[in-house]
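> predicted model and sequence follow; I will ask about them next.
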Amino acid sequence: MTDIEERLARLEQRLTALEDEREISRLIASYGPRVDAGDAEAVAALWESDGVYDVDEWLMTGRDQVERMVRSQGHRNWIETGCAHVVGPPHVTVTGDEAVAVCHSLMVVHQDGQYRVHRATANHWRLRKGPDGWRVTVRTNRVLDGREESPALLGDGVNYTP
Amino acid sequence: MTDIEERLARLEQRLTALEDEREISRLIASYGPRVDAGDAEAVAALWESDGVYDVDEWLMTGRDQVERMVRSQGHRNWIETGCAHVVGPPHVTVTGDEAVAVCHSLMVVHQDGQYRVHRATANHWRLRKGPDGWRVTVRTNRVLDGREESPALLGDGVNYTP
Amino acid sequence: MTDIEERLARLEQRLTALEDEREISRLIASYGPRVDAGDAEAVAALWESDGVYDVDEWLMTGRDQVERMVRSQGHRNWIETGCAHVVGPPHVTVTGDEAVAVCHSLMVVHQDGQYRVHRATANHWRLRKGPDGWRVTVRTNRVLDGREESPALLGDGVNYTP
């Protein structure tokens, strides 16, 4: 009987590990569709209430500031002329109730009847598992334009150990 | 014993949920390689026999019409000059034997020795689980060029509840 | 009791199948961040010690040659002007301790204050599970510029049966 108990407990543990990664990947996969749909509240709800979204020269603290970015005229303009926030498959490292994920994102915009890559960005996500599941605590984005921070962010994220 | 039965049943259920999402994500991940390989029959087989592929001004109904698109001279020309149908990681919502997935896709083409993004598209997939596994019932693609349908499609897909 | 044994064994087997695919997808998701971070040793460690990285006109055999590519002045220049190796979600087929994965990749570069797609590539990965987990045995990349090899590589990878 002990053997069966142990095998059950081990299965439950392995399955939870896959489910955690799946929940995090799914949260990240929802960002692009939500932000391109202009759904400000749903975007903000991906963060913890005091979560941080740190994007080059724009530091947003708390859900209100994330919502404000999505509702901004600048963001509305992108949606109205056509844009795609394409977020690549994340590399996720979970340690207990904390996680780090890293991926690239491309912002592709429509302009004068053509599409162009407006920016390519290194994405570093810190997440925490709380009573409502996984939420972003700090997301740091840096454009890959040669600034040294951006490759460092990718390297740190993928090599993360707690 | 009841406790063990319950834990087994719960594990089986959780595992099936992950397997369903994995099968859907894998089907979607096969579309780009298959369509860029020009494998018309394999592309069409991703749909149910009466499935729909609704692409802006081109509505395909049934596998034959999907096959015909892949075999068309227009599509052959893209392959022969060089093209990549890059389909992003999908956000999948499964409810029983039905599912909705949403993602972006980029069509990148080779032209005059350079690559350019030919279009960026909102993808909304409806799928059904039948005797042969998951198949597409309706895939709706709309280019992200400012038309209002496209952000709406992303928002609807990611917020889907049955 | 036999029934419980069988259900446990079946669960363990199904879970291992998901874990293998997850480990392979995670390895592939680590390539872009590692190569854009210039972490030559970590990139090379994704391959078996005698693994092959076959990139159009550049055939690398063994980890040393992969490391050398990442440390090359050419690669350093890309990092210093800004580049993103965006690797799409892979379609993975595992058969025992061998696997084949296929995906697209985009190399996006920063130049004169703008971003452009430098190349779009068909990626075909062969992997093997050894004492230290999954490693790449042969990765074959061919640009999608109309050469016939590239669509063939995508088709072969996605249709792989051992």
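Received it, and whenever you're ready, just let me know what you need. Numbering: from 1, shown residues only, chains lettered A, B, ... in the order given.
> distance of residue A:125 from chain C?
Using C-beta to the nearest C-beta, to the nearest Å, residue A:125 is found at 12 Å from chain C. Backbone N, C-alpha and C define where each C-beta goes, glycine included.
> assign residue A:146 to helix, strand or coil.
coil (DSSP: H, G, I helix; E, B strand; the rest coil).
> neighbours around it, how many?
Residue A:146: 15 surrounding residues under other C-beta atoms under 10 Å in any protein chain shown.
> pretty sure it contacts residue C:80?
Yes: with contacts counted by C-beta atoms under 8 Å, residue A:146 reaches residue C:80, the gap being 5.5 Å.
> would you mind listing the buried residues in the host helix or strand of residue A:9?
Here residue A:9 sits within helix A:2-37, counting by DSSP states H and E. Using 16 or more other C-beta atoms under 10 Å in any protein chain shown as the test for burial, helix A:2-37 gives A:7-8, A:11, A:14-15, A:18, A:20-37.
> from these, list the ones also adjacent to chain C.
A:7, A:8, A:11, A:14, A:15, A:18, A:21 (C-beta under 8 Å from any C-beta of the partner chain).
> of all these, which comes closest to residue A:130?
residue A:21 (16.9 Å; C-beta to C-beta).
> once you drop chain neighbours, what's closest to the closest one?
residue A:92 (5.0 Å; C-beta to C-beta, 6 or more residues apart in numbering or on different chains).
> tell me which element the one you found is part of?
For residue A:92, the host element (DSSP H and E) is strand A:91-95.
> sheet partners, orientation included, of that strand?
strand A:98-111 (antiparallel) (DSSP bridges).
> hey, C-alpha coordinates of stretch A:38-54 in PDB?
In PDB, the C-alpha atoms belonging to stretch A:38-54 read as follows (Å, rounded to 0.1, in the frame of the first residue of the first chain):
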ATOM      1  CA  GLY A  38      -7.500  46.700 -26.400                       C
ATOM      2  CA  ASP A  39      -9.000  44.900 -23.400                       C
ATOM      3  CA  ALA A  40      -7.300  47.000 -20.800                       C
ATOM      4  CA  GLU A  41      -8.900  45.400 -17.700                       C
ATOM      5  CA  ALA A  42      -8.000  41.900 -18.900                       C
ATOM      6  CA  VAL A  43      -4.500  42.900 -19.600                       C
ATOM      7  CA  ALA A  44      -4.000  44.500 -16.200                       C
ATOM      8  CA  ALA A  45      -5.500  41.500 -14.500                       C
ATOM      9  CA  LEU A  46      -2.500  39.400 -15.600                       C
ATOM     10  CA  TRP A  47      -0.500  41.300 -13.000                       C
ATOM     11  CA  GLU A  48      -0.700  41.200  -9.300                       C
ATOM     12  CA  SER A  49      -2.500  44.300  -7.900                       C
ATOM     13  CA  ASP A  50       0.900  46.000  -7.200                       C
ATOM     14  CA  GLY A  51       2.700  44.300 -10.100                       C
ATOM     15  CA  VAL A  52       5.300  46.200 -12.300                       C
ATOM     16  CA  TYR A  53       5.500  46.400 -16.000                       C
ATOM     17  CA  ASP A  54       8.900  48.000 -16.800                       C
END
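> for that stretch, what is the distance to the chain centroid?
Relative to its parent chain, stretch A:38-54 has a centroid offset of 10 Å by C-alpha atoms, centre = their mean, to the nearest Å.
> check whether the longest strand anywhere in chain A contacts chain B.
For chain A, the longest strand by residue count, based on DSSP state E, is strand A:114-130. Yes: Strand A:114-130 lies within reach of chain B by C-beta under 8 Å from any C-beta, at A:114, A:115, A:116, A:117.
> surely the second one meets residue B:121?
No: here residue A:115 does not reach residue B:121: they are 10.0 Å apart, not a contact under C-beta under 8 Å.
> nearest spatial neighbour of the residue of chain A at minimum distance from chain B, skipping sequence neighbours?
In chain A, the residue that lies nearest chain B is residue A:37 (3.2 Å; C-beta to the nearest C-beta). Distance criterion C-beta to C-beta, 6+ apart; nearest residue to residue A:37, sequence neighbours excluded, is residue B:155 at 3.2 Å.
> the one you found should be in a helix, yeah?
Yes: counting by three-state DSSP, residue B:155 is located in a helix.
> just list the residues touching it, thanks.
Residue B:155 sits next to A:33, A:34, A:37, A:38, A:39 when contact means C-beta atoms under 8 Å, 6 or more residues apart in numbering or on different chains.
> and it, what's its pLDDT?
Looking at residue B:155, its pLDDT is 98.
> likewise residue A:162?
In this prediction residue A:162 is given a pLDDT of 82.
> nearest residue to it in space, please, no chain neighbours.
residue A:95 (4.3 Å).
> so residue A:65 sits in a helix?
Yes: the assignment for residue A:65 (three-state DSSP) places it in a helix.
> please name the residues that touch it.
Residues near residue A:65 by C-beta under 8 Å, 6+ apart: residue A:53.
> that one and chain C: what is the separation?
26 Å.
> residue A:88 now?
As judged by C-beta to the nearest C-beta, residue A:88 and chain C stand 5 Å apart.
> quick one: that residue from residue C:122, how far?
17 Å (C-beta to C-beta, to the nearest Å).
> from the chain's centroid, how far away is stretch A:80-90?
12 Å.
> measure that stretch end to end?
Stretch A:80-90 has an end-to-end distance of 28 Å (C-alpha to C-alpha, to the nearest Å).
> wait, does that stretch contact chain B?
Yes: interface with chain B: stretch A:80-90 contributes A:80, A:81, A:82, A:83, A:84, A:85, A:86, A:87, A:88, A:89 (C-beta under 8 Å from any C-beta).
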